[in-house]
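Enquirer: Provided below for reference: sequence and predicted model.
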Amino acid sequence: MPFDLLKLFESILFFSALYYAGSLVYFIIGLSKEENSPNNIDTPPVSVIIAVRNGEKNINRLLNSLKNQTYNGEMEFIIVDDQSTDKTVNIIQKFTQMDPRFKYLSSKGGDQKLTYKKRALDSGIKNAQFEHLLFTDIDCIIQYLWVENMMLSFTDETDYLIGYSEAVDATTSASKFQKADFFMLLSAARGMVNNKSAWACTGQNQGYRKSLYSAVGGFSQITEQLQGDDSLFLLLCRKAKNINVNFANSPGSFVISRPELTWIAFLKQRIRWAGDSKVFWKFNLPFYFTSIATFILNMGIIVMPLIYGFTIFLDSWYMNILLIKFIAEYILIIMGGKAFHRQFSLINFLQWYIIQPLYVAVVSVGSILNVNRSWQGRQS
């Protein structure tokens, strides 16, 4: 590689590291702010919407948790089947016969221009009776207090509600990394909500108003995206309207997500998630630049030793980048731990820190190449 090209690469890496570190500082500032947690004393009616495809393994657990919710307000549980080929439909219909709050719908009732999970969600949203909508996934574990505690933060002023989700403890290296990485993402998301500039959320635990969905044209602007029903839709809403976003802080609102036990399964999931980032520039340039800086920084951390060999670890410039990255990320996980009442040991963090550069590179390249464009094995 010519000398001048190397210098250009090093300069890009340096400025990417600065931008990335600045983003982390901004997340940390948000997490350090004293929160004025809303406490909604009203109990407005709420529609819980779940999209499912071939979920017979987990659906009984989730539907029983919904059936036993402690919320005093009126509820309906809309379960939208996306052409399952197992016993999912039979299980849903059994619950509709036992409890009139359960509603069965097919994804065929959604906008035919939509694909994947979004068509199923569109069917549920359009058929929802109520203004307040809550969402989770079929393989998540919710508490009996989930609706009640989510609605505490869903005030009259709230347009969009972000909930906390975490992976369960597991023994594999992939699941341990998943837990730490997802926690970092949710910590950053909460920091940005505190900064009044929400960037990200998760479809595993969120809510918004039906009127907001209608006002922005639903998912019509993001029809081609595989995911798009959480962070991308949040960004779309923020660009289209001046919305008020809250983060549900009560531990009773927290959701447990499915652990990915193998690296292949985990990377496929994250490549699918990362596919949306290619269009972030249309809705939020700072978030897009942060995604690009994250990719360049972590790719650079991998590539530099390949160019210079292990002598790069004697270079103060390179080591300072690693040190600044380590300090900023460790402070973020500590601050997130305080916000969510969770703890990560230094060893857990170090394991995540060492693996993260290669993980980011693989996921980024995979998303660029459109690897794993499917939802639950479905291509459209």
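Expert: Happy to help now that I have it.
Enquirer: Next, the spatially most central residue of the chain: secondary structure please.
Expert: Computing the C-alpha centroid of the chain and ranking residues by CA atoms, centre = their mean puts T202 first, at 2.9 Å. Under DSSP: H, G, I helix; E, B strand; the rest coil, the three-state class of T202 is coil.
Enquirer: Now do it against I301, distance only.
Expert: 27 Å (CB to CB, to the nearest Å). Quick note: C-beta positions are derived from backbone N, CA and C, even for glycine.
Enquirer: what does L350 give?
Expert: 15 Å.
Enquirer: okay, these two: which has more neighbours?
Expert: Using other CB atoms under 10 Å, the more surrounded residue of L350 and I301 is I301, with 21 against 12.
Enquirer: Just give the closest residue to that one, not the sequence neighbours.
Expert: Nearest residue to I301, sequence neighbours excluded (CB to CB, 6 or more residues apart in numbering): P357, at 4.4 Å.
Enquirer: if you go through the stretch 151-300 of the chain in chain order, where are the strands?
Expert: Ranges of strands within the stretch 151-300 of the chain are 160-162, 165-167, 206-209, 245-247, 255-257, based on DSSP state E, counting those that start in this stretch.
Enquirer: So what are the sheet partners of the longest one and their directions?
Expert: With DSSP bridges as the test, strand 206-209 is paired with strand 132-135 (antiparallel), strand 160-162 (antiparallel).
Enquirer: ok, and what's touching the shortest one?
Expert: Read it as strand 160-162. By CB atoms under 8 Å, 6 or more residues apart in numbering, the residues outside strand 160-162 that reach it are 134, 150, 153-154, 189-190, 193, 198, 201-202, 205-209, 212, 234, 237, 243-248.
Enquirer: what's the spacing between that strand and its chain's center?
Expert: Centre-to-centre, strand 160-162 and its host chain are 12 Å apart (CA atoms, centre = their mean, to the nearest Å).
Enquirer: Let me know the average pLDDT across that strand.
Expert: Mean per-residue pLDDT for strand 160-162: 98.
Enquirer: Report the buried residues of it.
Expert: For strand 160-162, burial by neighbour count (16 or more other CB atoms under 10 Å) applies to Y160, L161, I162.
Enquirer: Tell me how many other residues surround E35.
Expert: For E35, using other CB under 10 Å, the count is 14.
Enquirer: confidence score at S380?
Expert: You'll see S380 listed with a pLDDT of 44.
Enquirer: Does R272 touch L226 like I think?
Expert: Yes. In this structure R272 lies within contact range of L226 using CB atoms under 8 Å: 6.0 Å.
Enquirer: Just want to know which of the two has more residues nearby.
Expert: For R272 versus L226, the count of surrounding residues by other CB under 10 Å is larger for L226: 23 against 20.
Enquirer: For the stretch 1-150 of the chain, give me the ranges with low pLDDT.
Expert: Low-confidence segments of the stretch 1-150 of the chain, defined by pLDDT under 70, are located at 1-3, 36-38.
Enquirer: Name all residues that make contact with T96.
Expert: So T96 contacts F102, K103, Y104 (CB under 8 Å, 6+ apart).
Enquirer: so of these, which ones are in strands?
Expert: F102, K103, Y104 (DSSP state E).
Enquirer: Pick the one among the residues you listed closest to V255.
Expert: F102 (19.5 Å; CB to CB).
Enquirer: Help me confirm that that closest one comes into contact with I92.
Expert: Yes. The pair F102 and I92 qualifies as a contact (CB under 8 Å) at a distance of 7.2 Å.
Enquirer: Overlap of the contact sets of these two?
Expert: L63, I79.
Enquirer: what about the longest helix in the chain?
Expert: helix 3-32 (DSSP state H).
Enquirer: got the buried residues for that one?
Expert: Going by 16+ other CB under 10 Å, helix 3-32 has these buried residues: 9, 13, 16-17, 19-21, 23-24, 26-28, 30-31.
Enquirer: Need the ones in strands among the contacts of T96 in a markdown table (columns: distance to R119 and neighbour count).
Expert: Formatted as a markdown table, those follow (distance: CB to CB, whole Å; neighbours: other CB atoms under 10 Å):
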| residue | distance to R119 | neighbour count |
| --- | --- | --- |
| F102 | 21 | 21 |
| K103 | 17 | 20 |
| Y104 | 16 | 16 |
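Enquirer: Present the residues you listed as TSV; the columns should include distance to F289.
Expert: As requested, the ones in strands among the contacts of T96 are exported to TSV (distance: CB to CB, whole Å):
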residue	distance to F289
F102	44
K103	42
Y104	44
